[in-house]
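K.L.:
could you work out the structure for the sequence below:
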Amino acid sequence: MSRQRLYPFNAEQTVNILSEFGPLVTMFIVNAMYGINAGTWALITTTVFAIIAMIYMFGRPPVFPLIASTVTIVFGALTLITHDPMWVQIKVTIFNALFAAFLFLGLYLKRNFFEYVFGKTFRYTEKGWNSFTKSFAWFFLFTALLNEAVRLYFKDDQVYNILGHAMNGVDIWIAFKLFIVLPLSGLYAWVLTKLMSKHHL
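P.N.:
Coordinates of the predicted model:
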């Protein structure tokens, strides 16, 4: 299999993707390694780098990390004030559910969010962008429900034995995001991108 078929993005597309999604991935990885507070600072720091890269390359800041940073700071502050990690956990549920609703509303108003975010580096037909956005809206809604199910089932103050490791509810939630949701999201995006080739201009 050729490198182009395995990794179907050019340099500009790679910068576009990394600037939009890189800070969020970094946050979840740092969350797992050093805790939620460190993950919040990692998100803020990498968002600054993403802003610089996007303004330099495309003349506009990234959208995803700016939204995520704002939401994370608000809910992170609530966690620090109340000493309850629940706020950071439900932040993901609320963000994913609201973002799914935002994508559906954009489709209804004929203002496709993903076309705005990636339209400068990816060239697809209107039908293709609508199909891509609708699929991702359902995916965000699905992950919101999964996130809430994990949060409610695994209690923060209880210790569970997972594959020989003692983990509390927060640890399990972080591992779930890192080892299930992130790979699943990446695989889903890759499959959608391959399917979008028939809509390429």
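
K.L.:
list the buried residues for the host helix or strand of I55?
P.N.:
For I55, the element it lies in under DSSP states H and E is helix 36-58. Neighbour-count burial for helix 36-58 flags 36, 39-40, 42-44, 46-47, 49-51, 53-54 (criterion: 16 or more other C-beta atoms under 10 Å). From N, CA and C alone the C-beta is placed, and that goes for glycine too.

K.L.:
just the pLDDT for the residue lying farthest from the centre of the chain.
P.N.:
Within the chain, G164 marks the point farthest from the mean C-alpha position, 29.1 Å out by C-alpha atoms, centre = their mean. G164 carries a pLDDT value of 83.

K.L.:
please report phi then psi for T133.
P.N.:
With angles defined as degrees, to the nearest 10, T133 sits at phi -70, psi -40.

K.L.:
from L18, how far off is the residue lying closest to it once chain neighbours are set aside?
P.N.:
Sequence neighbours aside, F114 is the residue nearest to T133 in space, at 4.8 Å (criterion: C-beta to C-beta, 6 or more residues apart in numbering). F114 sits 16 Å away from L18, taking C-beta to C-beta, to the nearest Å as the criterion.

K.L.:
just checking, what packs against the helix or strand where P183 lies?
P.N.:
Under the criterion of DSSP H and E, P183 resides in helix 182-195. For helix 182-195, the packing partners by 3 or more C-beta pairs under 8 Å, 6 or more residues apart in numbering; DSSP states H and E come out as helix 126-153.
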